[in-house]
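S.K.: Give me the fold of what follows.
(chains A and B)
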Protein chains: 2
Amino acid sequence: MAFEITDDFFENLTSLIQNSDDKAISKLFAEVHYADIAEVLDEVNFDEAIYIIKLLDSEKTSEILMELDEDIREKILENLSAKEIAEEVEEMDSDDAADIIGELSEDRQERVINALDDDELAADIKELLSYDDETAGSLMAKELVKVYETWTVAGCMRRIRGQAKDVTRVHSIYVVDKEEKLVGRLSLKDLIIAKSDQKIAEISKSKVDAVHVNMDDEEVAKIMAKYDLEAIPVVDDNNVLVGRITIDDIVDVLKEEAERDYQMAAGLTQDVDSDDSILQLTKARLPWLFLGLVGGIGAFLIMEGFQGVFSKYAALFFFTPLIAAMAGNVGVQSSAIIVQGLANDDVKGSINSRLLKEMLLALLNGFILALFLLLFVWIIKGKIDLALAVSVSLVAVIVVAGLIGTFVPLFLNKRGIDPAIATGPFITTSNDIFGILIYFLIAKMILGI
Amino acid sequence: MAFEITDDFFENLTSLIQNSDDKAISKLFAEVHYADIAEVLDEVNFDEAIYIIKLLDSEKTSEILMELDEDIREKILENLSAKEIAEEVEEMDSDDAADIIGELSEDRQERVINALDDDELAADIKELLSYDDETAGSLMAKELVKVYETWTVAGCMRRIRGQAKDVTRVHSIYVVDKEEKLVGRLSLKDLIIAKSDQKIAEISKSKVDAVHVNMDDEEVAKIMAKYDLEAIPVVDDNNVLVGRITIDDIVDVLKEEAERDYQMAAGLTQDVDSDDSILQLTKARLPWLFLGLVGGIGAFLIMEGFQGVFSKYAALFFFTPLIAAMAGNVGVQSSAIIVQGLANDDVKGSINSRLLKEMLLALLNGFILALFLLLFVWIIKGKIDLALAVSVSLVAVIVVAGLIGTFVPLFLNKRGIDPAIATGPFITTSNDIFGILIYFLIAKMILGI
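M.R.: Numbering: from 1, shown residues only, chains lettered A, B, ... in the order given. Prediction:
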């Protein structure tokens, strides 16, 4: 925490590397946390990064590799041999090891796994790679502390010393029966407080939360957040204990989920950040912009269709951006509330009751806004019929936009489609079209044209 | 986890309450996790909720209270006496206790604190309430396991049994010197593995991450996520250990932060969900809608100002929704990327280089989209001059919108203002106005009007 990356630091580092002063470089990084070293490597040029990775020992570099930006990690891995990657992997927990190896091409994956000295780790990694992405199986690690229900506390303390050495953070100790099925849990604290001749089965809690190995990772995150868990055991169909997920992985899942939803609402199709290439950014941004263009052309065609009225009511056309903007804003608000509610499992009850509530809300908001608009148009333009046409349309448009923004995410959700698609440009573009169409239809009715 | 809330369950519960069948109700909830009971209470009517709270024992209800929806908790607390609230509070950890008491009026806060039997808890709560919201001090709890560096392992094991009973999850044991200053840490695992005659100072790690009691809570969350921490000690100006923050509180901070940013981007001024009253929802939604209305009126005035050209180039006006929509979409994308980058501390380097990159990106995207538009207008309308005017304007508008969307959050951030304000309706409304203005100015130039 006291470590700050400054320009001086980089200059110093660069000159040390140029002089191949390995001793000084090792000393420089000796007390630095791997997450901070990863930040340094994200900033230095590529050759310097490779130099540092090859210099520092595997125990440190394995942790650093996991913290690196994905794109940089990919490039670094391309520059390491299968044997070198295997050396890094052997220092890692099985979940990180599987993640790293999973990022390689299938061909390289095989070579790295074959290069591992630790057969048990190789088998664990193969098992973890077999699980689908975004499931509990893909998140979990095989390292955990497990005891049999028939052991005593004293016997337990003796045996877990060995297991505990491999486990970075112990959390709960899991209790299994002789068929390896999960039957309970206890904490190190329980173990310390207990008397040495007690049986494990006496002091362990039999109620143990667990997740199935195929459960969706966002579901796992929800459960761990809801029950304030820091680790959760993973079981298979027969309730056999197969792994463990820890809260730090869940924190990553939550952050990625939040970023993905935010990006979807902004109309970005991929996870990009401002350091990505212009080409990558274009691939992420262009699709929804194109949809917006198509929607804009649709709006053009609608307005063109009504152009006959222009000579008499030119002002109608000048209000279209206002109508489209209000339709978009209301739609975005409605869909955001529904999508967040669905994510928090707060949305229960019938769709109809929600639509009714949205309609009343939209009527209220619409009336207030339409009143302002009415006064403005009437006072500034003096034409009461125009003012009425625009204001009444505004209310109708707001109601329809709110209903669309509420209904579409709920509808998608019921069909098993991610409701977050119905946010951002999707909603604004469709509401623009509906809004302008409704506007002109109502104006036509009111003005008798 | 096996607990599912069904309609049958509610019917059963309601009839049990009507019959005042306390024994059956207690049995019903005996094995249910407090987070699930909180969900039940969120659903039942208010009198039933109060009945259940008063029936179940304080050890359970204190946990349930913390999990309840804020609004429901507020109503329940209003219906409990100061003495009853004090009984609940005495079962809680100090951070939850301070949070609950902090939600009451100042008058009631005093009465509840005075009603506490546990003077130490009362003092702790008063201290915690003295810290500002959204700081490490407001998140932390006073419960932790602390040992002095001069103790031996054996002495330590004896003494911490007492401390450990009060601490829900131990994580690290903190090592202090005789002035209570934080000097190191060790884990229960380290303690178990060590020999009983070793001194704590020998086996503890002297490098211990800690946060200052006044640090911003989102900064604390970032640090804990970055270093994969599950608990972090909190110190004051003199490095005296004053408390501890655990990862479950950080998970809550992360979730609330994500929700707040998402809502800001959707133009909601308060944290609302679809179950709130129509009045509350209106208060959250109307402000930004009103801004949108004002922006729409601005667009109207601009278009009115150019109405002279309508007779010759009516189609120009029919393209305004397209221009405004594209300006809005591009602006939202740009600002989302910047705001996320700032939140992840990914945005370094000069503002100018980012603006230059955005300009090149916008030119590329703008050209591609403008090409499609050009072809459409030329082929459908046959007028090359109109097609050119609209397409060139589109490129210019996209460039300006992208620059605004990139610059404004960076500018706000440099001034210490939350950049997330510059997302959503703020960006779409301002970009609509700029977009339409630029459009007409360029069209005027190209068409020589």
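
S.K.: Give me the contacts around stretch A:112-129.
M.R.: Residues outside stretch A:112-129 that contact it (CB atoms under 8 Å, 6 or more residues apart in numbering or on different chains) are A:82-83, A:85-86, A:89-90, A:94-95, A:97-98, A:101-102, A:104, A:109, A:137-138, A:140, A:142, A:243. Any C-beta I mention is one placed from the backbone N, CA and C, and that applies to glycine too.

S.K.: hmm, which of those residues are the buried ones?
M.R.: For these, a neighbour count by 16 or more other CB atoms under 10 Å in any protein chain shown gives the buried set as A:82, A:85-86, A:89-90, A:94-95, A:97-98, A:101, A:104, A:109, A:137-138, A:140, A:142, A:243.

S.K.: Hmm, residue A:62 and residue A:92 touching each other?
M.R.: Yes: contact criterion CB atoms under 8 Å: residue A:92 and residue A:62 qualify, at 4.8 Å.

S.K.: so who does residue A:157 touch?
M.R.: Neighbouring residues of residue A:157 by CB under 8 Å, 6+ apart: A:191, A:196, B:192.

S.K.: By pLDDT, rank these and give me the bottom one.
M.R.: Checking pLDDT across the contacts of residue A:157, the minimum falls on residue B:192 at 75.

S.K.: what about it, helix or strand, and which?
M.R.: If you go by DSSP states H and E, residue B:192 is part of helix B:188-193.

S.K.: what comes up buried for that helix?
M.R.: So for helix B:188-193, counting by 16+ other CB under 10 Å, buried means B:188-192.

S.K.: same check, this time on stretch A:282-299
M.R.: Buried residues in stretch A:282-299, counting neighbours by 16+ other CB under 10 Å, are found at A:282, A:284-286, A:288-289, A:291-293, A:295-299.

S.K.: Using PDB, write out every CA atom in it.
M.R.: Extracted in PDB, the C-alpha atoms of stretch A:282-299 (Å, rounded to 0.1, in the frame of the first residue of the first chain):
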ATOM      1  CA  THR A 282     -14.800   0.300 -33.600                       C
ATOM      2  CA  LYS A 283     -15.900  -3.400 -33.500                       C
ATOM      3  CA  ALA A 284     -17.400  -2.800 -30.100                       C
ATOM      4  CA  ARG A 285     -19.100   0.500 -30.900                       C
ATOM      5  CA  LEU A 286     -20.200   0.300 -34.600                       C
ATOM      6  CA  PRO A 287     -22.900  -2.400 -34.400                       C
ATOM      7  CA  TRP A 288     -25.300  -0.400 -32.100                       C
ATOM      8  CA  LEU A 289     -24.500   2.800 -33.900                       C
ATOM      9  CA  PHE A 290     -25.500   1.100 -37.100                       C
ATOM     10  CA  LEU A 291     -28.800   0.200 -35.500                       C
ATOM     11  CA  GLY A 292     -29.200   3.800 -34.500                       C
ATOM     12  CA  LEU A 293     -28.700   4.800 -38.100                       C
ATOM     13  CA  VAL A 294     -31.300   2.400 -39.300                       C
ATOM     14  CA  GLY A 295     -33.700   3.700 -36.700                       C
ATOM     15  CA  GLY A 296     -32.900   7.300 -37.700                       C
ATOM     16  CA  ILE A 297     -33.700   6.400 -41.300                       C
ATOM     17  CA  GLY A 298     -37.000   4.900 -40.100                       C
ATOM     18  CA  ALA A 299     -37.800   8.200 -38.400                       C
END
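
S.K.: For the stretch 151-300 of chain A, which segments count as strands?
M.R.: Assigned by DSSP state E, counting those that start in this stretch, the strands in the stretch 151-300 of chain A fall at A:172-176, A:182-187, A:211-212, A:231-235, A:241-246.

S.K.: nearest spatial neighbour of the residue in the stretch 151-300 of chain A that chain B sits nearest to, skipping sequence neighbours?
M.R.: With CB to the nearest CB, the shortest gap between the stretch 151-300 of chain A and chain B falls at residue A:296, namely 2.5 Å. Nearest non-adjacent residue to residue A:296, counting by CB to CB, 6 or more residues apart in numbering or on different chains: residue B:322, 2.5 Å away.

S.K.: tell me which element that neighbour falls in.
M.R.: helix B:320-343.

S.K.: what are the C-alpha coordinates of that helix, in CSV please?
M.R.: Below are the C-alpha coordinates for helix B:320-343, written out as CSV (Å, rounded to 0.1, in the frame of the first residue of the first chain):
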residue,chain,number,x,y,z
THR,B,320,-32.9,15.7,-37.4
PRO,B,321,-34.0,12.7,-35.2
LEU,B,322,-31.4,10.6,-37.0
ILE,B,323,-28.7,13.2,-36.3
ALA,B,324,-29.8,13.7,-32.7
ALA,B,325,-30.0,10.0,-32.0
MET,B,326,-26.5,9.3,-33.5
ALA,B,327,-25.0,12.2,-31.4
GLY,B,328,-26.7,10.7,-28.3
ASN,B,329,-25.5,7.2,-28.9
VAL,B,330,-21.9,8.1,-29.7
GLY,B,331,-21.8,10.4,-26.6
VAL,B,332,-23.1,7.6,-24.3
GLN,B,333,-20.6,5.1,-25.6
SER,B,334,-17.7,7.5,-25.2
SER,B,335,-18.6,8.6,-21.7
ALA,B,336,-19.3,5.0,-20.6
ILE,B,337,-15.9,3.9,-21.6
ILE,B,338,-14.2,6.8,-19.9
VAL,B,339,-16.3,6.5,-16.7
GLN,B,340,-15.6,2.8,-16.4
GLY,B,341,-11.9,3.4,-17.1
LEU,B,342,-11.7,6.0,-14.4
ALA,B,343,-13.5,3.6,-11.9
